[in-house]
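In: just coords:
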Ligand SMILES: [Zn+2]
């Protein structure tokens, strides 16, 4: 029965968005000197240098300790040392498996999928999560945006999917696809919220393309402050779909406005020393002390505002300058947070709350772009997934105070439902030849 079940899951996967796995380096912003792994759901097989290290697999109650050593990774299970190996792998035996990772000195995180651990040197570990692409994306969406409506997550998912597909080889020379830090996209944990998974699944197979059908760059930022920026005013190239647009949806949100006070001399001397402006000249001084941006500008007296933003650690380049009548200090009154190019996340949150459609929001922020739907992603598969996860969300809403055990995690629930459906599906003998492609051993 198990053989049949895995086979049907595999056949299903061929037609679904789950077909591809990606390799993501975890804790890429930290140096990891020891990693403790425990198991929240499912059974994991432990491989060392591609051979099974122990039988049966590992599950709840067991823990693996991995440490860098002179010639590889040293492995201990529940305190018993198994030796040192160049490459250690924890492979999920099922679609619903969750690992809990506790590196020394870094906050605990949980992930789905497989884990491959090797070393950078004799004192640090290289930790790679091999995970289904859509599962990775749901984790990215959870790390990158806040909100409480699935359309918000659907939009972040289509943006993050488009970015990931364009940048799939970003870390190829390092031996993985992405890091888990903002250098690529933040992936700070597995997705623990069913509504985020729902939004991600609703955008399954969707990407954002330009008029020629090519994947676009999809930059986003927290809040535009009321007007987005042209790409060439922030970076080098002028892209036709990254045009400045009026964005009143970004008003009255958490990051809509900011203020910063800077001593008058520090402000003026900065332009004199760093940018060689003659601050003795009255008109230069007047502009520096009363600069305003009713519309976004790219420069102040020829100095790029992006440079000023970096040097003074400002939330945005969209600010005006006044002076305090008593102290003479410079007051910057700013709008928004981030580079301002592309989609405003808080503008999106506002647009979704006003009932504006998913497609219209994308078109508002990415001029002339549109959503492309991949015909190969099975609509039936997505629809089933959406139905089941919607039921789980409704159930959770109906029992708000219910204390949840690990077994009540939405992932476990979802896959129990799916496993039951698969068992009920009729066995198709013509698909037996696919068996050789399954690399899972049992
Ligand atoms: Zn990266």
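Out: Now that the structure is in, tell me what you want to look at. None of these values were measured; they are calculated from a predicted model.
In: what about the helix or strand containing residue 165 and the ion, touching?
Out: Using DSSP states H and E, residue 165 maps to helix 150-166. No. With CB under 5 Å from the ion as the criterion, the ion is not reached by helix 150-166; the gap is at least 11.1 Å. C-beta coordinates here come from the backbone N, C-alpha and C atoms, glycine included.
In: how about that helix: buried residues?
Out: When neighbours are counted by 16 or more other CB atoms under 10 Å, the buried residues of helix 150-166 are found to be 150-164.
In: what residues go with each domain of the protein?
Out: By the record's domain assignment, the chain is partitioned as 27-131, 257-335 (automatic domain parsing).
In: residues contacting residue 296?
Out: 227, 229, 233, 244, 317-318, 340 (CB atoms under 8 Å, 6 or more residues apart in numbering).
In: tell me which stretches of the stretch 51-200 of the chain form strands.
Out: With DSSP state E, counting those that start in this stretch, the ranges of strands along the stretch 51-200 of the chain come out as 51-58, 63-69, 72-77, 80-85, 88-92, 98-103, 109-112, 114-121, 124-132, 178-179.
In: okay, and the beta partners of residue 124?
Out: residue 121 (DSSP bridges).
In: isn't residue 351 up against residue 250?
Out: No. Here residue 351 does not reach residue 250: they are 9.6 Å apart, not a contact under CB atoms under 8 Å.
In: when those two are compared, which one has more neighbours?
Out: residue 250 (29 against 23; other CB atoms under 10 Å).
In: leaving aside the residues adjacent along the chain, what's closest to that one?
Out: Spatially, and ignoring its direct neighbours in sequence, residue 250 is nearest to residue 347 (4.1 Å; CB to CB, 6 or more residues apart in numbering).
In: elements contacting the strand or helix carrying the one you found?
Out: Here residue 347 sits within helix 345-353, counting by DSSP H and E. Under the contact criterion of 3 or more CB pairs under 8 Å, 6 or more residues apart in numbering; DSSP states H and E, helix 345-353 touches helix 150-166, helix 358-365.
In: quick one: name the residues of the chain near the ion.
Out: 179, 183-184.
In: swap in 6 Å and give it another go.
Out: Within reach of the ion by CB under 6 Å from the ion, the chain has these residues: 170-171, 178-179, 183-184.
In: let me see the backbone angles for residue 192.
Out: Dihedral angles phi and psi of residue 192 (degrees, to the nearest 10) take the values phi -100, psi 0.
In: isn't it right next to residue 110, touching?
Out: Yes. Between residue 192 and residue 110 there is a contact under CB under 8 Å: 7.5 Å.
In: and the angle for the helix or strand harbouring residue 395 with helix 150-166?
Out: Using DSSP H and E, the element containing residue 395 is helix 379-398. With axes from the mean of the first three to the mean of the last three CA atoms, to 10 degrees as the basis, helix 379-398 and helix 150-166 are set at 140 degrees to each other.
In: would you mark the buried spots in helix 379-398?
Out: So, applying 16+ other CB under 10 Å, buried residues of helix 379-398: 381-382, 384-386, 388-389, 392-393, 396.
In: want to throw these into TSV with pLDDT?
Out: Shown next, in TSV, are these (pLDDT from 0 to 100):
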residue	pLDDT
381	77
382	82
384	83
385	82
386	87
388	85
389	87
392	85
393	86
396	82
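In: show me which of these is closest to residue 292.
Out: Of all those, residue 292 sits closest to residue 393, with 46.9 Å by CB to CB.
In: how about that closest one, what does it touch?
Out: 194-195, 198.
In: picking up where we left off before, distance of the residue nearest to residue 250 from the ion?
Out: Distance of residue 347 to the ion, computed by CB to the ion, to the nearest Å: 26 Å.
In: ditto for residue 326
Out: 47 Å.
In: count of neighbours near that residue?
Out: Other residues close to residue 326 by other CB under 10 Å number 6.
In: and it, which of the three is it?
Out: Reducing the assignment at residue 326 to three states with DSSP: H, G, I helix; E, B strand; the rest coil gives coil.
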